[in-house]
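Show me how the following folds:
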Amino acid sequence: MRSSADDDQRHLRPRAWQLGVAKQPTPAHHRGFCLSACAGMTKLRDAQMPLIPFGEYRPDITDYDQASTGAVLNALPRGDGYGPMPALSAYSAALPGACRGFFKAIKTDGSVAIFAATATKLWRLDNTNQTWTDVSKGGGYSAVSSTDQWQFVQYINYVIAVQANAAPQFFDLTVSTAFADLAGSPPQARYAAVVGSFVVLSGLVNNPYRVQWSALGDPTGWTAGVNSSSFQDLPDGGIVRGVAGGEFGNIFQDTAIRRLVYAPGSPVIFQIERISDDRGLYAPYSLIRSGDQIFFLGPQGFAQMDPSGYPAPIGKEKVNRTFLADLDTGNLQLVIGASDPRNNRVFWAYKSTNGAAGLFDKLICYDHVLARFAPLAVSGEFLGSLSQPGLTLENLDSISGSLDALIPSLDSFATSVTPGIAAFDASHKLGFFRGASLEAQVSTGAQAQAGRRVFVRGFRPVTDAGAAFGAVGKRERLTDTETFTAENAMDAAGSIPARASSRYVRAKLRIPAGTAWSFALGVEQELSLEGAR
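I've put the predicted structure just below:
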């Protein structure tokens, strides 16, 4: 038979969302911060909280009494909370103008060749001194449209570059010193992909509803009917916004997704099948192929799909509403996706409604193993996935005049085929995210004690950061605007003092830029109940 003391203890157990707890009761009278107590207590006394985690970033839903939060910045998701986001660290000299696309190619000897584009020219990075050499065809090109970018693919030794206002270009990594028009008279196109042994062009200037592919094994063969080269006009689904390459091709239109499946010996060359209606590609440069997965921004929000499968939403009731409300829809060319295969993450850069012209000012990260998002305040011209060429000690002067002032480890400058996230900053310099940590902010969800006011005296952040600051958010009603106490520094004992009396409270932690840290798990908060129900 259960005693009244058992009832008191049951009332005081931690909620099921807390770490390490399973199958705990969750009726309304159990909500809020869980306090230490002994059997038979009729009044809760001062106590130190069990751990309150920094939950999953889900700004689209209320974070009241949830294992989620809507307040995270410049912190990457980890299995045990959040970790630091390194700052962008300049690697190259500046391009002569704003970057409008960049690409890494792997040569037959395993070395890396890096190309970049400005509005009217194409450039190659000198791996010795990190300056840029003009490798445009003679006379350059008509300027890429303000709503487009350059796009690159590699086909064996060919680097192929496309944009709507120029004939497709190619650079032979074995012999070329400059780009030239791709042979075979291919159509002018906005987008390029490699599907099996074919180069596939889309966003065609003369027919935006068409996809056209090269001859089998020959990117210079573009005569329809010769060696499997052909095209297909798509009768519905809207304009073709891009193709995700690979063993299968996936065609993304405004409101449809179709799959390209090579059919050897068939007169149609590719079998084209519709795999999705009313789902398409909203921002053409958001399309990412990462490992065996495809990620993209559709009209409904972020989605993921297996190349042989079907699209699945990943941002619904997480970040979609918040992201789409913040996005500058007049600058979709700055919604740029990139893969970070080293860390199983993808990133999308975008220009917010408050961003500066011509630049993205925010990133959103998605860890597709943890299935968690995180927002980042980073600005630049173009985002991409890039392998870094190696450097000799003599070359380091191009990065820093002093070894003591060199922020990245010297190990970071080794040649690496596995790409990482890179970007061009507002000064037209290529950089990698290998600098000191950005200033990070993480918060718990809002909590309450079932109709009772609480008095918070402080909290202890569970982190290995040597320096941190914190404040307590408070409000009397969920409809009220939340205010925060004055920010205080973490003391020598690892606690952050605060004084806050309210019904709904949360802890906010700030870790300054440049601080060495690896995790922030949550907080242990010190509080007591006050007043009547």
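
pLDDT at the most centrally placed residue in the chain, what is it?
The chain has residue 347 as the residue nearest its centroid, 1.9 Å off, counting by CA atoms, centre = their mean. Listed pLDDT for residue 347 reads 98.

ok, it - contacts?
337-338, 340, 363-366, 376, 383, 421 (CB atoms under 8 Å, 6 or more residues apart in numbering). Placement of C-beta: from N, CA and C, glycine included.

residues touching the spatially closest residue to residue 263 that is not a sequence neighbour, list them.
With sequence-adjacent residues excluded and distances taken as CB to CB, 6 or more residues apart in numbering, residue 263 is closest to residue 271, at 4.8 Å. Residue 271 makes contacts with 260-263, as judged by CB under 8 Å, 6+ apart.

Among these, name the ones in strands.
Among the contacts of residue 271, the members falling in strands are 260-262 (criterion: DSSP state E).

returning to that earlier point: could you measure from the residue nearest to the centre of the chain over to residue 50?
Counting by CB to CB, to the nearest Å, the gap between residue 347 and residue 50 amounts to 34 Å.

State the number of residues packed around the nearest residue to residue 81 once chain neighbours are set aside.
Excluding its sequence neighbours, the residue lying closest to residue 81 (CB to CB, 6+ apart) is residue 521, at 4.1 Å. Using other CB atoms under 10 Å, residue 521 has 18 other residues around it.

Can you report how many residues lie near residue 355?
18.

which non-adjacent residue is nearest it?
residue 361 (3.7 Å).

contacting residues for the one you found?
351-352, 354-355, 377-379.

Wasn't residue 114 part of a strand?
Yes - counting by DSSP: H, G, I helix; E, B strand; the rest coil, residue 114 falls inside a strand.

Which residues are in contact with it?
Applying CB under 8 Å, 6+ apart, one finds that residue 114 lies in contact with 102-105, 124-125, 127, 386, 389, 430.

Mark which of the ones in strands among the contacts of residue 271 are buried, thanks.
The neighbour count (16 or more other CB atoms under 10 Å) marks 260, 262 as buried among the ones in strands among the contacts of residue 271.

circling back: take the contacts of residue 347 and keep only those in strands.
Judged by DSSP E, these include 337-338, 340, 363-366, 376, 383, 421 as members of strands.

Let's have these in CSV, adding distance to residue 297.
Below are the ones in strands among the contacts of residue 347 laid out as CSV (distance: CB to CB, whole Å):
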residue, distance to residue 297
337, 8
338, 13
340, 17
363, 13
364, 10
365, 14
366, 11
376, 16
383, 13
421, 17
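
For residue 306, state which of the residues you listed is nearest.
Taking CB to CB as the measure, residue 306 sits nearest to residue 366 out of the ones in strands among the contacts of residue 347, at 15.9 Å.

State the distance from that closest one to residue 66.
20 Å.

quick one: which of those two has more around it?
Shown here are residue 366 and residue 66; by other CB under 10 Å, residue 366 has more neighbours (25 against 16).

can you pull the pLDDT of the more buried one?
98.

Surely it and residue 373 touch.
Yes - between residue 366 and residue 373 there is a contact under CB atoms under 8 Å: 5.3 Å.

thinking again about what came up before, can you say which of the ones in strands among the contacts of residue 347 are buried?
So, of the ones in strands among the contacts of residue 347, 337-338, 340, 363-366, 376, 383, 421 end up buried under the neighbour-count rule (16+ other CB under 10 Å).

Residue 209: which of these is nearest?
Ranked by distance to residue 209 (CB to CB), these are led by residue 337 at 23.6 Å.

what kind of secondary structure is residue 183 in?
Per three-state DSSP, residue 183 ends up coil.

and the gap between it and residue 343?
39 Å.

Same check on residue 501?
Residue 501 is 42 Å from residue 343, by CB to CB.

For the contacts of residue 271, give me a markdown table that also has pLDDT.
Formatted as a markdown table, those follow (pLDDT from 0 to 100):
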| residue | pLDDT |
| --- | --- |
| 260 | 95 |
| 261 | 95 |
| 262 | 95 |
| 263 | 93 |
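
where does this structure dip in pLDDT?
1-49, 390-417, 531-533 (pLDDT under 70).

so what are the domain limits for it?
4-84+440-530, 86-182+282-437 (automatic domain parsing).

Kindly state which of those is positioned closest to residue 216.
domain 86-182+282-437 (12.1 Å).

Now do the end-to-end distance for that closest one.
4 Å (CA to CA, to the nearest Å).

picking up where we left off before, quick one: which of the ones in strands among the contacts of residue 347 is nearest residue 59?
Out of the ones in strands among the contacts of residue 347, the member with the shortest distance to residue 59 (by CB to CB) is residue 364, at 10.7 Å.

Just the closest of the ones in strands among the contacts of residue 347 to residue 203, please.
residue 337 (16.1 Å).

what are the bridge partners for the nearest residue to the closest one once chain neighbours are set aside, then?
Spatial nearest neighbour of residue 337, excluding adjacent residues (CB to CB, 6+ apart): residue 288 at 3.9 Å. Residue 288 has these beta-bridge partners by DSSP bridges: residue 295.

Residue 288 contacts residue 341, doesn't it?
No - applying CB under 8 Å as the test, residue 288 and residue 341 come out as separate, 10.7 Å apart.

quick one: contacts for residue 366?
So residue 366 contacts 295, 302, 314, 345-348, 372-373 (CB under 8 Å, 6+ apart).

PyMOL command for the buried members of those residues?
Typed into PyMOL, the line below selects the buried ones among those, using 16+ other CB under 10 Å:
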select buried, resi 295+302+314+345+346+347+348+372+373
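
Turn the contacts of residue 366 into a markdown table, columns for secondary structure.
As requested, those are exported to a markdown table (three-state DSSP):
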| residue | secondary structure |
| --- | --- |
| 295 | strand |
| 302 | strand |
| 314 | coil |
| 345 | strand |
| 346 | strand |
| 347 | strand |
| 348 | strand |
| 372 | strand |
| 373 | strand |
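
so which of the contacts of residue 366 comes closest to residue 223?
residue 295 (34.9 Å).

can I assume the closest one is in contact with residue 303?
Yes - using CB under 8 Å, residue 295 makes contact with residue 303 at a distance of 7.3 Å.

what residues are shared contacts of those two?
Contact criterion CB under 8 Å, 6+ apart; residues shared by residue 295 and residue 303: residue 314.

circling back to that earlier point, could you measure the residue nearest to residue 263 against residue 260, distance?
Taken as CB to CB, the span from residue 271 to residue 260 is 8 Å.

Wasn't residue 324 part of a strand?
No - per three-state DSSP, residue 324 lies outside any strand segment and is helix.

Run a quick neighbour tally on it.
16.

Chain neighbours aside, what residue packs nearest to it?
Among residues not flanking residue 324 along the chain, residue 301 sits closest, at 6.7 Å (CB to CB, 6+ apart).

Backbone torsions only: list them for residue 100.
Residue 100 adopts backbone torsions of phi -120, psi 20, taken as degrees, to the nearest 10.

Now for it, how many residues are close by?
By other CB under 10 Å, neighbour count at residue 100 equals 26.

Now that it has come up, it's in contact with residue 118, right?
Yes - using CB under 8 Å, residue 100 is in contact with residue 118, at 5.9 Å.

Nearest to residue 325 among the contacts of residue 347?
Once CB to CB is applied, the member of these that ends up nearest residue 325 is residue 364, at 13.0 Å.

Would you mind measuring from residue 294 to residue 203?
17 Å.

what do you get for residue 323?
For residue 323, the distance to residue 203 - CB to CB - is 24 Å.

Residue 328 now?
21 Å.

Who has more neighbours out of those two?
Under the criterion of other CB under 10 Å, the comparison of residue 328 against residue 203 puts residue 203 first, with 25 against 17.

any idea how far the more buried one is from residue 517?
Distance from residue 203 to residue 517, by CB to CB: 44 Å.

Equivalent analysis for residue 363, please.
Distance from residue 363 to residue 517, by CB to CB: 20 Å.
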